[in-house]
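Undergrad: Show me the folded form of this:
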Amino acid sequence: MMPTTIALPSTDQEIGPRRPGAIYQNTDGRFEVLALITHPGEAAKLLRRDSARWAVIVRDTLRPDGQPFAVGSVWTTSDYLIRSAKEAAPSAAFAPAA
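TA: Numbers count the residues shown, from 1 in each chain. Prediction:
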């Protein structure tokens with residue numbers, strides 16, 4: 001019997017349209033994306049999870065006192081985009097120093 005190969009989603013598929021400037025909503029709130037961290041080591045520190053490959057820094061816009069925090073949940077059909085990312089904004093992805 002041949003082993004079954006399961007293709008994992010790509011990082012881009014997991015992140016979805018969450019780029020700096022985007023606003024999305026789900027059952028947990030309405031969130032503005034402040035930064036996208038794509039360096040696994042930095043994402044792991046932010047999420048306190050060794051297996052993290054990326055993290056998104058968001059702020060809940062429905063809370064007047066909403067403070068930025070990191071999330072690592074994948075984009076699902078429960079999430080929907082309210083505003084696309086700002087196209088002219090520089091990349092906020094973390095890049096390690098060379």
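Undergrad: From the centroid of the protein, which residue is nearest?
TA: The centre of the chain sits closest to Val56, judged by C-alpha atoms, centre = their mean, with a distance of 3.3 Å.
Undergrad: Counting by contacts, list what the helix or strand hosting that one packs against.
TA: Per DSSP states H and E, Val56 falls inside strand 55-60. On a contact count with 3 or more C-beta pairs under 8 Å, 6 or more residues apart in numbering; DSSP states H and E, strand 55-60 meets strand 29-37, helix 40-47, strand 69-71. The way it works is simple: take the backbone N, C-alpha and C, and place the C-beta from them, glycine included.
Undergrad: Dump these to TSV, plus distance to Asp79, mean neighbour count and mean pLDDT.
TA: Putting these into TSV (distance: least, C-beta to C-beta, whole Å; neighbours: other C-beta atoms under 10 Å; pLDDT from 0 to 100) gives the following:
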stretch	distance to Asp79	mean neighbour count	mean pLDDT
strand 29-37	9	19	97
helix 40-47	18	17	97
strand 69-71	11	16	97
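Undergrad: Give me the neighbour count for the closest residue to Ala22 other than its chain neighbours.
TA: Spatial nearest neighbour of Ala22, excluding adjacent residues (C-beta to C-beta, 6 or more residues apart in numbering): Ala85 at 4.2 Å. Look at Ala85: counted by other C-beta atoms under 10 Å, it has 17 neighbours.
Undergrad: tell me the contacts of Ala85?
TA: Counting by C-beta atoms under 8 Å, 6 or more residues apart in numbering, Ala85 touches Pro17, Arg18, Arg19, Pro20, Gly21, Ala22, Val33.
Undergrad: One more pass at 10 Å, please.
TA: Residues in contact with Ala85 (C-beta atoms under 10 Å, 6 or more residues apart in numbering) are Pro17, Arg18, Arg19, Pro20, Gly21, Ala22, Ile23, Val33, Leu36, Ala92.
Undergrad: Is the fifth one within a helix or a strand, and which one?
TA: When secondary structure is defined using DSSP H and E, no element contains Gly21, which sits outside every helix and strand.
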